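Asks: with the input below, show me the fold.
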Amino acid sequence: MELLQSTLQAIQPVNKEIMKQAREKVDALCKPPGSLGKLEQIAVQLAGITEKLELDVSNKAVISLAADHGVYEENVSNNPQIVTVMQSIGFAKGFTGVCAIARAAGAKVVSVDVGINADLPETSGVINKKVRYGTANMAKEPAMSREEAIRAIEVGIEVANDQVKQGVNVLATGEMGICNTTASSAVLAALFGYDPGEVTGMGAGVDSIQHKIDVIRRAIEINQPNPDDPIDVLAKVGGLELGGMAGVVLSAAANRIPVVIDGFISTVSALIAYQLEPKVKDYIIPSHMSEEPGAKIASELLGLEPMLNMNMRLGEGSGAALAFPILDAACSMMNTMTTLEESNQYMQQIMENQRS
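Replies: Numbers count the residues shown, from 1 in each chain. Just a heads-up that it's a prediction; the model follows:
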């Protein structure tokens, strides 16, 4: 609890004065004002986050947190739970979807066990930060205790802080956990009063969406999570990896670096962080619009518009990694484009040289 509290206290607003200077610089570049659209917005946001006009996001890391879910017992996924183990090790070894995209973007993937329902071999390369062996079945009892929920958030903070100490200057959130769309839909419904039918989709595959909806509805009815207390909601119907990703978002804001969020599950986790400290919103860069029906709702609640629509729903942090080159382009625009005034001076110099 102490780490969570100190992290929340460390989060400061983005620097509005630097953002004003960045906007003036962007508008003065050799182009029609606003013609580079969201790229300009990203550059201004990065300036406010880092308090610098010379932008750099060259040291990238996707933190993919993995955990299992007791609600698996309710047959809300067609996939065997062992997939969580397989993919987590795959993150560490570099052969999953997010790894392929991250490699192309020049980013590393950090694989973390925050609650896998198995012991991984020491040679797996996965960082062991296990809080417990998966959550309990939220359709019968709380997914975890309040203390465990806080610890899951602090795992995300610890891992992110460690990456920042190693020189990482932009983070992304990723996850792995069979049934974590079930937990994400439950958190979204419980936090904001939606009926589970409005925010629940197929996830990685389920025989009956209606059954999945009914399980989520039962979990909320049994546990009665308090919508005014995001930690209570996380503990009763959430997941350990959701808590971990919320912690990554909080750490990024406390360390004044941007954090790119992936799709539905990452956005719900970002909402948990936002409910704990609203100032984190200005440090978040949304990547893509997931195919999950709750994704659009979650993004609207966060007040952020994803920049990509690629019909993706893999998770893992794949969409966030795909967005990294857009941040690079925003930095290059800010750092290397000439202003209109500089361009005019350059052309005048050329004309003078020709006349002489």
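Asks: list the contacts of the residue nearest the centre of the chain.
Replies: Nearest residue to the geometric centre of the chain (C-alpha atoms, centre = their mean): residue 261, 2.6 Å. Counting by C-beta atoms under 8 Å, 6 or more residues apart in numbering, residue 261 touches 172-173, 249, 267, 269-270, 284-287, 320. No exception for glycine: its C-beta is placed from N, CA and C like everyone else's.
Asks: what is the burial count for the residue lying closest to residue 297 once chain neighbours are set aside?
Replies: Spatial nearest neighbour of residue 297, chain neighbours left out: residue 199 (5.8 Å); criterion: C-beta to C-beta, 6 or more residues apart in numbering. Residue 199: 26 surrounding residues under other C-beta atoms under 10 Å.
Asks: repeat that for residue 308.
Replies: So residue 308, with other C-beta under 10 Å, has 15 neighbours.
Asks: please name the bridge partners of it.
Replies: residue 288 (DSSP bridges).
Asks: remind me which residues of this protein are low pLDDT?
Replies: 346, 356 (pLDDT under 70).
Asks: now the helix or strand hosting residue 210, how far from the centre of its chain.
Replies: In this assignment (DSSP states H and E), residue 210 forms part of helix 209-223. Per C-alpha atoms, centre = their mean, to the nearest Å, the displacement of helix 209-223 from the mean C-alpha position of its chain is 25 Å.
Asks: which other helices and strands contact it?
Replies: Helix 209-223 is packed against helix 180-192, helix 196-199, helix 230-237, with contacts defined by 3 or more C-beta pairs under 8 Å, 6 or more residues apart in numbering; DSSP states H and E.
Asks: hmm, who's touching the shortest one?
Replies: Applying C-beta under 8 Å, 6+ apart, the contact partners of helix 196-199 are 185-186, 188-189, 213, 216-217, 220, 293-294, 297-298.
Asks: identify each buried residue in that helix, please.
Replies: Of the residues in helix 196-199, 196-197, 199 count as buried by neighbour count, 16 or more other C-beta atoms under 10 Å.
Asks: repeat that for the first one.
Replies: Within helix 180-192, the residues scored as buried using 16+ other C-beta under 10 Å are 180-191.
Asks: look up how far residue 271 lies from the nearest residue to residue 145 once chain neighbours are set aside.
Replies: Residue nearest to residue 145 in three dimensions, not counting chain neighbours: residue 235, with 6.3 Å by C-beta to C-beta, 6+ apart. According to C-beta to C-beta, to the nearest Å, residue 235 and residue 271 sit 16 Å apart.
Asks: again, but for residue 154
Replies: Distance of residue 154 to residue 271, computed by C-beta to C-beta: 18 Å.
Asks: tell me which element residue 155 falls in.
Replies: Here residue 155 is assigned to helix 146-165, by DSSP H and E.
Asks: and residue 62, helix, strand or coil?
Replies: For residue 62, the assignment made with DSSP: H, G, I helix; E, B strand; the rest coil gives strand.
Asks: how is this structure divided into domains?
Replies: Residue ranges for the domains of the chain, per automatic domain parsing: 2-54+334-355, 60-324.
Asks: okay, the ones you listed, which one's buried deepest?
Replies: domain 60-324 (a mean of 23; mean count of other C-beta atoms under 10 Å).
Asks: just give me how far it sits from the chain centre.
Replies: Computed by C-alpha atoms, centre = their mean, the chain-centroid distance of domain 60-324 equals 8 Å.
Asks: residue contacts, the residue lying closest to residue 342 once chain neighbours are set aside?
Replies: Using C-beta to C-beta, 6+ apart and skipping the chain neighbours, the partner closest in space to residue 342 is residue 30 (7.5 Å). Shown in contact with residue 30 (C-beta under 8 Å, 6+ apart): 337-340, 342-343.
Asks: where do the strands of the chain begin and end?
Replies: Counting by DSSP state E, the chain has strands at residues 60-67, 107-115, 127-128, 170-176, 259-261, 284-286.
Asks: redo these as JSON lines? Include distance to residue 147.
Replies: Putting the strands of the chain into JSON lines (distance: least, C-beta to C-beta, whole Å) gives the following:
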{"stretch": "strand 60-67", "distance to residue 147": "16"}
{"stretch": "strand 107-115", "distance to residue 147": "14"}
{"stretch": "strand 127-128", "distance to residue 147": "19"}
{"stretch": "strand 170-176", "distance to residue 147": "22"}
{"stretch": "strand 259-261", "distance to residue 147": "25"}
{"stretch": "strand 284-286", "distance to residue 147": "27"}
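Asks: which stretch among these comes nearest residue 330?
Replies: For residue 330, the closest of those is strand 284-286, at 9.6 Å, according to C-beta to C-beta.
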